[in-house]
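Asks: The following block contains a protein sequence and its predicted model.
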Amino acid sequence: MARYLPETLESILTQDYPHVEVIVIDAGSTDETPAILASYGDRIRTVVGPDKGPSDAAHKGFQLATGDIFAWLNTDDTFLPGAVRTAVDYLTAHPEIDVVYGEGWWIDDNGAIISRYPTLPWDARVLERDCFICQPAAFIRASAYRRCGLDPDINRSFDYDLWIRMAKQGIRFAAIPDYLANSRMHTGAKTIYEREAVFQASMDLLQRHYGYIPLPWIFGYTTWRRDGRDQFFAPLRPTVRNYLASLPMGLRLNPANRTRFVAEWFAAPLRKVLGRRP
């Protein structure tokens with residue numbers, strides 16, 4: 001990921017908000033990363049050492065952070081200009097809110113915009129079906145994070161897991177219309193090259209938190225198993241055959257809620273199922 005690192009760091013260090021603490025957690029990169037990090041001198045703090053994965057790394061960074069508002073970027077994501085000030089100003093003006101998230105863009109390898117990230121207005125009930133928060137565009141009060149932080153043992157869909165647990169604990173979210181960050185989609189992104197593992201992790205956490213995996217996830221997973229398309233660069237191709245195949249898959253993955261799944265499967269018009277991109 002070294003090729004993306006300078007752009008990511010510059011997007012943080014050029015923010016117009018003056019009080020930004022930058023902590024980089026590196027598990028021991030063997031590419032150009034150490035040299036790139038060294039070139040920033042004391043503008044950043046680098047911590048090198050083994051970790052259990054990206055969730056553990058971010059959690060370690062938050063344990064070291066001294067600020068009142070937390071955010072994290074993966075190596076290939078970036079802030080948009082003014083993102084930090086916008087988030088800080090919002091949280092300052094709204095002391096009742098614990099997490100604020102903005103709009104985001106999906107960008108490609110070269111930073112060109114692919115499309116808008118599909119964020120939605122805050123609704124805890126929608127989390128039962130969809131992870132609609134753009135993680136790099138989310139800013140968290142340190143006090144809220146310390147009440148409910150990342151699980152260091154979950155390394156796929158770990159942001160989704162965090163939002164669900166925070167919502168269950170009564171942590172208060174708000175969405176704002178400002179574009180705050182870019183989320184990079186490329187063939188090296190885990191969402192793409194670990195597609196089955198990401199599906200499994202997301203469905204497992206839905207089962208763990210809610211006891212039920214909704215039809216759109218079942219349909220997306222069933223279709224991926226049948227055609228191998230990543231459902232982003234190679235969009236999902238719905239067919240009646242795949243829809244029919246999602247019924248036994250859903251019954252197998254929802255053993256305690258088969259009646260509910262059958263009802264959802266028969267009630268959902270195919271056009272509604274097709275719009276979901278897990």
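Replies: That came through fine. Numbering: from 1, shown residues only.
Asks: For Leu80, grab the count of nearby residues.
Replies: If you count neighbours by other CB atoms under 10 Å, Leu80 ends up with 20. In short, each C-beta sits where N, CA and C put it, glycine included.
Asks: Help me confirm that it comes into contact with Pro136.
Replies: No: with contact taken as CB atoms under 8 Å, Leu80 and Pro136 are classed as non-touching, separated by 9.5 Å.
Asks: Name the residues contacting each of these two.
Replies: Taking CB atoms under 8 Å, 6 or more residues apart in numbering as the contact criterion, the common neighbours of Leu80 and Pro136 are Leu180, Ala181, Asn182.
Asks: per the record, what domains does the chain have?
Replies: Following automatic domain parsing, one gets these domains for the chain: 2-184, 211-274.
Asks: Run through who's touching stretch 23-38.
Replies: Defining contact as CB under 8 Å, 6+ apart, one finds that stretch 23-38 is touched by 1-2, 5-6, 9, 44-51, 57-58, 60-61, 64-65.
Asks: before we move on, what about stretch 200-220?
Replies: Stretch 200-220 is touched from outside by 128-131, 154, 156-157, 160-161, 164-165, 168, 199, 221, 231, 236, 238, 242-243, 246, 249-250, 253-254, 256-257, 260-261, 264-265, 268, 273, 276-278, with contacts defined as CB under 8 Å, 6+ apart.
Asks: can you pull out the helices in the stretch 1-150 of the chain?
Replies: For the stretch 1-150 of the chain, the helices identified by DSSP state H, counting those that start in this stretch occupy 5-13, 33-38, 54-64, 83-93, 142-147, in order along the chain.
Asks: circling back to that earlier point, PyMOL command for the buried members of the contacts of stretch 23-38?
Replies: Typed into PyMOL, the line below selects the buried ones among the contacts of stretch 23-38, using 16 or more other CB atoms under 10 Å:
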select buried, resi 5+9+44+51+57+58+60+61+65
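Asks: okay, and for this structure, where does confidence drop off?
Replies: Within the chain, the stretches with pLDDT under 70 are 190, 193, 269-278.
Asks: Longest helix in it, by number of residues?
Replies: If each helix of the chain is counted by residues according to DSSP state H, the longest one is helix 195-210.
Asks: in a helix, that's where Pro235 is, yeah?
Replies: No: counting by DSSP: H, G, I helix; E, B strand; the rest coil, Pro235 is not part of a helix but coil.
Asks: Please give the number of neighbouring residues around the residue lying closest to it once chain neighbours are set aside.
Replies: Nearest-residue entry for Pro235: Arg229, 7.1 Å, with adjacent residues in sequence omitted and distances by CB to CB, 6 or more residues apart in numbering. By the measure other CB under 10 Å, the count of residues near Arg229 is 14.
Asks: which SSE is Arg229 in?
Replies: When elements are assigned from DSSP states H and E, Arg229 belongs to no helix and no strand.
Asks: now the longest strand along the chain, how far from the centre of its chain.
Replies: The residue-count maximum for a strand in the chain (DSSP state E) belongs to strand 173-184. Distance of strand 173-184 from its chain centroid, counting by CA atoms, centre = their mean, to the nearest Å, is 12 Å.
Asks: again with stretch 132-152
Replies: Mean-position distance between stretch 132-152 and its chain equals 11 Å (CA atoms, centre = their mean).
Asks: three-state assignment of Pro238?
Replies: Under the three-state scheme (three-state DSSP), the conformation of Pro238 reads as coil.
Asks: shouldn't it be in contact with Thr222?
Replies: No: contact between Pro238 and Thr222 fails when scored by CB under 8 Å: they sit 10.6 Å apart.
Asks: Of these two, which one has the most company?
Replies: In terms of neighbours (other CB under 10 Å), Thr222 is the more surrounded of Pro238 and Thr222; the figures are 21 against 16.
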